[in-house]
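K.L.:
here is my input, please return the structure:
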Amino acid sequence: MDTRQIARAGVSVALLAVSAWVTIPIGPVPFTLQTLALAILPAALDRKTACTAVAVYLLLGAIGLPVFSGFGGGIGSIAGPTGGFLWGFILGMLAGTTVESLLPKRVPLFARSLAASIVLLLVSYTCGTVQLMIIGSMDVLAALAIAVIPFVIPDAVKLFMGTSIGCTVARAMGHTMQHA
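P.N.:
Coordinates of the predicted model:
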């Protein structure tokens, strides 16, 4: 990674932390702005930088820095009932940016980045639901009812807004990200 990629990753880590601190507790899974911040990354950053930023964010949280919702941190946050949503972010970013890289470059940046963000969210939902089912001893319908269904519409809005912001950032940086 060059200096600019490192700087962009650092700013993205800070953005992810701040977005997690904007929290509305509505059950075991809080409403945060993380989805919005995550949706910015595929458009604004190359694949390697986006994935690195998410991995560093999760690492900082895992070692105890208060970067997760409610100023949480520590391995317990990742290993707890809702931790699958967190580690699902990195798997989702990897999957989403892979999907984006496979789309033809003639597809507009917004469409490619939105596709990446949708895949990211679906992977995070899946990981989070599975972990909640296992640790919370609940069936799939109960887990979906408390941890996914209430968030689908707000998350769709955040994905659209985040992707729009990410495309604006990409244009401001003078490129349309030919993502590797």
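
K.L.:
what is the burial count for residue 155?
P.N.:
23 (other Cβ atoms under 10 Å). No exception for glycine: its C-beta is placed from N, CA and C like everyone else's.

K.L.:
elements contacting the host helix or strand of it?
P.N.:
Using DSSP states H and E, residue 155 falls within helix 152-172. Secondary-structure packing of helix 152-172 (3 or more Cβ pairs under 8 Å, 6 or more residues apart in numbering; DSSP states H and E): helix 34-44, helix 109-136.

K.L.:
mind doing that once more with 10 Å?
P.N.:
helix 3-21, strand 31-32, helix 34-44, helix 109-136 (3 or more Cβ pairs under 10 Å, 6 or more residues apart in numbering; DSSP states H and E).

K.L.:
just these: most buried one?
P.N.:
Among these, ranked by average contacts under mean count of other Cβ atoms under 10 Å, first place goes to helix 34-44 (a mean of 28).

K.L.:
how many degrees apart are that one and helix 3-21 in direction?
P.N.:
160 degrees (axes from the mean of the first three to the mean of the last three Cα atoms, to 10 degrees).
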